[in-house]
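Peer 1: Just need the structure, nothing else, for what follows:
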Amino acid sequence: EIRRRPDFLTSADFASMSATGVLAGFRVDVSHQEIDHILTELEEIYRNQPTDWLGVQDIGMMLAHMMYEDLDEFEDAIKGSFADFVRALPHCETKDVNGKLLFRVKPDPPLAERRQLTLTIDVSSTADLMQCVLLKAPDAAMEIPSMEFEIGAESKRAINTLYNHIAVAKQNLSMHAEQNAAHLTAEHQLRIMETVEQLERLLDVEEPFKIIVRDPSGLSELKPPGNAKFEYMGAAVDRTGATPSTAKAEIVTADDADATAGGGVASGTATDQAFTDAN
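Peer 2: Residues are numbered from 1 along each chain as shown. This is a model prediction of the structure:
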């Protein structure tokens with residue numbers, strides 16, 4: 001179940017955006033999987049280019065040809081021009097050079113300015129899953145303790161509702177079992193499909209449960225904070241495996257937490273973890 005696309009946004013709407021935190025700055029509905037896919041492809045292209053600044057028009061045409069029939073269909077998906085769309089992204093900045101609009105993805109804040117984050121979310125209804133949008137940083141893992149299930153760290157960030165994070169993991173597990181049927185024992189297949197069924201029931205929220213996001217990079221965000229607890233640890237850790245700080249944790253509730261402190265689609269890692277759990 002995917003939430004509807006946003007209403008049409010004009011250039012004035014885009015220009016009036018606040019850039020205080022990534023999720024807080026978005027005016028487009030980043031919980032929609034199509035928008036999340038566009039953002040993922042945009043960031044992937046940027047990371048694989050050697051220059052700091054790229055041409056907005058060039059990248060827009062590249063995305064349009066990669067993902068859509070034509071430019072009109074692409075602009076219909078983002079509800080406006082690509083130039084306005086990029087200007088609206090709080091994690092990007094633009095500049096005009098000799099009449100050509102360029103953009104770059106802003107670098108993450110330095111490690112010294114971030115802290116490790118453990119985010120605990122109490123879920124009591126499907127509405128909680130549908131209304132909360134989680135920006136899951138590349139280094140973050142999303143755990144469901146009641147199932148001993150984890151959506152692990154990935155190479156990219158994922159922006160989605162809690163509902164869609166779980167739904168995508170469920171879909172990936174089903175695909176994994178189907179595509180690898182010839183290599184899995186009947187017992188392993190059964191355990192994977194039992195996990196899929198558990199995730200399906202979880203989406204119906206038959207009883208309250210917790211979601212825990214562990215982010216050593218401190219870049220994950222939640223909007224709105226809802227029934228969440230933010231636990232800030234010591235200095236943030238990057239994926240190179242630096243030793244975490246042993247400083248005492250500071251625990252705050254959603255009432256006094258900044259939901260965007262420290263300021264990517266669940267996929268294969270969830271499948272791998274679930275397969276491990278099934279064994």
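Peer 1: What ranges does the stretch 1-150 of the chain have for its strands?
Peer 2: Counting by DSSP state E, counting those that start in this stretch, one finds strands in the stretch 1-150 of the chain at the ranges 54-55, 92-97, 100-105, 115-123, 133-136, 141-144, 149-151.
Peer 1: Pull the contacting residues for residue 97.
Peer 2: The contact partners of residue 97, by C-beta atoms under 8 Å, 6 or more residues apart in numbering, come to residue 53. Quick note: C-beta positions are derived from backbone N, CA and C, even for glycine.
Peer 1: For it, name its beta-bridge partners.
Peer 2: The partner list for residue 97 in beta bridges (DSSP bridges) reads residue 100.
Peer 1: Quickly note the distance from it to residue 49.
Peer 2: 16 Å (C-beta to C-beta, to the nearest Å).
Peer 1: now residue 58
Peer 2: Computed with C-beta to C-beta, the distance linking residue 58 and residue 49 is 10 Å.
Peer 1: ok, now residue 195?
Peer 2: Here the distance between residue 195 and residue 49 works out to 38 Å (C-beta to C-beta).
Peer 1: so where's this protein uncertain?
Peer 2: Along the chain, the parts satisfying pLDDT under 70 run over 1-33, 226, 239-279.
Peer 1: show me where it has helices.
Peer 2: 11-15, 22-25, 33-47, 56-67, 71-78, 82-88, 126-131, 162-179, 186-204, 268-278 (DSSP state H).
Peer 1: In TSV, list the ones you listed along with mean neighbour count and distance to residue 222.
Peer 2: Rendered in TSV, the data for the helices of the chain read as follows (neighbours: other C-beta atoms under 10 Å; distance: least, C-beta to C-beta, whole Å):
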stretch	mean neighbour count	distance to residue 222
helix 11-15	14	24
helix 22-25	18	8
helix 33-47	17	16
helix 56-67	16	28
helix 71-78	16	24
helix 82-88	20	21
helix 126-131	17	11
helix 162-179	20	9
helix 186-204	15	18
helix 268-278	18	19
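Peer 1: Could you dump those helices into a markdown table with distance to residue 227 added?
Peer 2: As requested, these are exported to a markdown table (distance: least, C-beta to C-beta, whole Å):
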| stretch | distance to residue 227 |
| --- | --- |
| helix 11-15 | 31 |
| helix 22-25 | 17 |
| helix 33-47 | 24 |
| helix 56-67 | 36 |
| helix 71-78 | 32 |
| helix 82-88 | 29 |
| helix 126-131 | 7 |
| helix 162-179 | 12 |
| helix 186-204 | 16 |
| helix 268-278 | 23 |
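Peer 1: Ok, which of those helices comes nearest residue 238?
Peer 2: Ranking these by distance to residue 238, with C-beta to C-beta as the measure, places helix 33-47 first at 15.5 Å.
Peer 1: packing partners for the closest one?
Peer 2: Under the contact criterion of 3 or more C-beta pairs under 8 Å, 6 or more residues apart in numbering; DSSP states H and E, the helices and strands touching helix 33-47 comprise helix 56-67, helix 71-78, strand 100-105, strand 158-161.
Peer 1: Thanks again, I'm all set now.
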